[in-house]
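**Student:** No letters, just coordinates:
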């Protein structure tokens, strides 16, 4: 009987030690962090990271039958990499297909296509006023193919 009690104590000690070492956690996420999506994006098929705000004075959009032009600028605090990961994950869910991705001097540019439209998402850090901390800026443009280049080109 004492041998059995000893085995039980050793087993319980081992289990307790294992839980203490791992913190009781299992299935920790691996890979890049994906930001949460805003509940009510300004454009239904253009995902927006939660807590990013539209800069209305610098944004415009126009929709007519068979044509759409969107030029939106958003500001938030997430890192460039986290925002890039967000768009790589969420744009395909909105039926956008990645056409090209570049990183040049700290600026990510992601180009997507869907049916007769093109979308360009430009992600960069911008200064925020004289003494403010830098913010992450998203320039998102959607343009119908019949007018040429994506909305954020040149800007």
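**Tutor:** Cool, the structure landed. All of these numbers come straight from a predicted model, not from anything done at the bench.

**Student:** Relative to residue 72, how far out is the residue nearest to the spatial centre of the chain?
**Tutor:** What sits nearest the mean C-alpha location of the chain, by CA atoms, centre = their mean, is residue 86, with 1.8 Å. For residue 86, the distance to residue 72 equals 15 Å [CB to CB, to the nearest Å]. Yep, even glycine has a C-beta here, placed from its N, CA and C like the rest.

**Student:** And for residue 50?
**Tutor:** From residue 50 to residue 72 the distance is 16 Å (CB to CB).

**Student:** Neighbour count: those two, which is higher?
**Tutor:** The neighbour count for residue 50 versus residue 72, taken as other CB atoms under 10 Å, is higher for residue 72 (23 against 13).

**Student:** Name the secondary structure element that contains the more buried one.
**Tutor:** Using DSSP states H and E, residue 72 sits within strand 67-76.

**Student:** just checking, what packs against that strand?
**Tutor:** strand 53-54, strand 60-64, strand 117-128, strand 132-144 (3 or more CB pairs under 8 Å, 6 or more residues apart in numbering; DSSP states H and E).

**Student:** Quick one: mean pLDDT over it.
**Tutor:** In this model, strand 67-76 carries a mean pLDDT of 97.

**Student:** And that strand, what's buried?
**Tutor:** 68, 69, 70, 71, 72, 73, 74, 75, 76 (16 or more other CB atoms under 10 Å).

**Student:** need those in CSV with distance to residue 41, can you?
**Tutor:** Listed next are the buried residues of strand 67-76 as CSV, based on distance: CB to CB, whole Å:
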residue, distance to residue 41
68, 15
69, 17
70, 11
71, 15
72, 10
73, 14
74, 10
75, 15
76, 13
